[in-house]
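> Here is my input; please provide its structure:
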Amino acid sequence: MLDIKFVREHPDVVKENIKKKFQDKKLPLVDEVIDLDAKVRAAQQEADGLRADRNTLSKQIGQLMKEGKQEEAEKVKAQVQANAERLAALEEDEKTLREKLRKDMLVIPNIIDPSVPIGPDDTHNVEIERFGEPVVPDYPIPYHTEIMESFGGIDLDAAGEVAGNGFYYLLGDIARLHSACLAYGRDFMIDRGFTYVIPPYMIRSKVVDGVMSFDEMDAMMYKIEGEDLYLIGTSEHSMIGRFIDSMTDEEKLPITLTSYSPCFRKEKGAHGIEERGVYRIHQFEKQEMIVVCKPEDAFDWYNKLWQNTVDYFRSLEIPVRTLECCSGDLADLKVKSCDVEAWSPRQKKYFEVGSCSNLGDAQARRLNIRVKGKDGQKYLANTLNNTCVAPPRMLIAFLENHLQADGSVTIPKVLQPYMGGKEVLIPNK
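Take a look at the predicted model:
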């Protein structure tokens, strides 16, 4: 959410930003919020005047009563009553106007960084850099569920009966590999100085409003029937929510946290064959990282965060690339974002395994996350988040890149301690 003062003083900048995000239908909101803001400030100014008059008139009544001027005192009392009624109406109007203003402000997108490429959708995202050499072996790579089935490692049919499409059972070595990647991801991030956290897996609506746009919420979140609770789509939501209405001393920044959680997503819409299996699902697990920092440090942390994911995957001998998200592919709260994509030997292309985002002060403004500077000045923090690893999707890249001609799967050295010392997985089917 933008600062209303910024919108008021720079409406053309806000409108141009909306155009860059290809959301022209939101352009009228800019003039609407400026008008609402003017009405709010006018109502507040009049209300403040009436409150000041109330004190003055009350003293005047007391003085008139002392002087025995009963009739004049009654006239002033009538004025006080009229003012009270007007003040009550103004307070109600101001409340309604503020609610409407906030609702509109939540819809206006954040100002994107000048470095963000301009484009209407993800087909205009721009490759930044590749890490590792993508290889296509001279033997066929089966679909990822077929690889898992060769180890007796997945049961989609039973999961469909139990929970429906988009769910899975992982078993045996594949389930162990899933947990190993998460445990290694946890220790990987701890070794990089992040504090490990297990957060709540449900959040209240006020936190949902603070961490994401309505469009994201509608496409992602599962609502708990009859309660003010939502299942998290990523632990970033509850991790950032932890700082709601907080004041942090500047010297305690940056706050760097890494969290484990299950994640739940509606995943609306139809997808191609390569997104079946465990690519796009309703339930998965993730090792996340978040940073709360000073505004001037945000872009340094942004670069450190995506590099962490690249380093994690390269340590598992998986080729990856970074992809800059264009303006139309950025969620409304984001200033800048990039995806980390892993190489798929089967598809002979890269696919997303993580996303790194700089949200500027958007979440902090919505959730009132403030910092107290050394000089006593108070300001909004900046927040960032990034995926370290999110199986079972990342298992697709792992299995395809480590599959051997005989159907076995090699285990990189860094992961072997988490797999009971196993160096290779042997298919049993």
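> longest helix of the chain?
Counting residues, the longest helix found in the chain (DSSP state H) is helix 27-66.
> Bridge partners for the residue nearest to Lys334 when sequence neighbours are not counted, pull those for me.
What sits nearest to Lys334 in space, not counting adjacent residues and going by CB to CB, 6 or more residues apart in numbering, is Ser357, at 5.0 Å. Glycine gets a C-beta too; all of them are placed from N, C-alpha and C. When bridges are called by DSSP bridges, Ser357 pairs up with Ser337, Asn385.
> Hmm, Ser357 is touching Asn382, no?
No. When contacts are counted by CB atoms under 8 Å, Ser357 is not listed as touching Asn382 (11.3 Å).
> the more surrounded of those two?
Asn382 (28 against 25; other CB atoms under 10 Å).
> ok, that one - contacts?
When the contact criterion is CB atoms under 8 Å, 6 or more residues apart in numbering, the partners of Asn382 are 292-295, 297-298, 358-361, 364.
> mind listing what Cys325 touches?
Remark: with contacts taken as CB under 8 Å, 6+ apart, Cys325 is in contact with 116, 122, 125, 334, 336-339, 355.
> try Glu127
Taking CB under 8 Å, 6+ apart as the definition of contact, the neighbours of Glu127 are 321-324.
> in this protein, which helix or strand is least confident?
With mean pLDDT, DSSP states H and E as the measure, the helix or strand of the chain carrying the lowest mean pLDDT is helix 214-220 (a mean of 78).
> who touches it?
106-107, 208, 212, 230, 233, 265-268, 331-332.
> so Met148 touches Ile396, yeah?
No. Taking contact to mean CB under 8 Å, the distance of 9.4 Å between Met148 and Ile396 leaves them out of contact.
> that older thread, okay, buried residues for the least confident helix or strand of the chain please.
For helix 214-220, a neighbour-count test (16 or more other CB atoms under 10 Å) marks 217, 220 as buried.
> who's Ile369 bridged to?
With DSSP bridges as the criterion, Ile369 is bridged to Ser246.
> neighbours of it, just the number please.
The burial count for Ile369: 24, using other CB under 10 Å.
> And the one 3 residues further on, by the same measure?
For Lys372, the tally of surrounding residues (other CB under 10 Å) stands at 15.
> From Leu2, how far off is it?
Using CB to CB, to the nearest Å, Lys372 is found at 23 Å from Leu2.
> now, the most widely separated pair of the contacts of Glu127?
Distance extremes for these: the farthest pair is Arg321 and Glu324 at 10.7 Å, using CB to CB.
> Quickly list what's touching both of those two.
Taking CB under 8 Å, 6+ apart as the contact definition, Arg321 and Glu324 share the neighbouring residues 127-128.
> In terms of pLDDT, where does the spatially closest residue to His237 that is not a sequence neighbour sit?
Excluding its sequence neighbours, the residue lying closest to His237 (CB to CB, 6+ apart) is Val211, at 4.8 Å. As predicted, Val211 sits at a pLDDT of 92.
> tally of neighbours for Val211?
By other CB under 10 Å, 27 other residues sit near Val211.
> My guess is it contacts Arg365. True?
No. Taking CB under 8 Å as the definition, Val211 is not a contact partner of Arg365, at 11.7 Å.
> was I right about Glu352 contacting Ser337?
No. With contact defined as CB under 8 Å, Glu352 does not count as touching Ser337 (11.5 Å).
> Show which residue of this structure lies farthest from the average position.
Gly68 (66.8 Å; CA atoms, centre = their mean).
> Let me see the contact set for it.
For Gly68, no contacting residues are found, by CB under 8 Å, 6+ apart.
> All further residue positions should be reported with the first residue as 27.
Shifting the count to begin at 27 puts that one at Gly94.
> got the phi/psi numbers for it?
Reported as degrees, to the nearest 10, the phi and psi values for Gly94 are phi 80, psi 20.
> Just the ones of the contacts of Glu153 in strands?
For the contacts of Glu153, membership in strands holds for 347-350, with DSSP state E as the criterion.
> Make TSV out of these and add distance to Asp57, neighbour count and pLDDT.
Compiled in TSV, the ones in strands among the contacts of Glu153 are given as follows (distance: CB to CB, whole Å; neighbours: other CB atoms under 10 Å; pLDDT from 0 to 100):
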residue	distance to Asp57	neighbour count	pLDDT
Arg347	42	18	98
Thr348	38	21	98
Leu349	35	21	97
Glu350	32	18	98
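> So which of these is the closest to Lys52?
For Lys52, the nearest member of those is Glu350. The distance, counting by CB to CB, is 23.3 Å.
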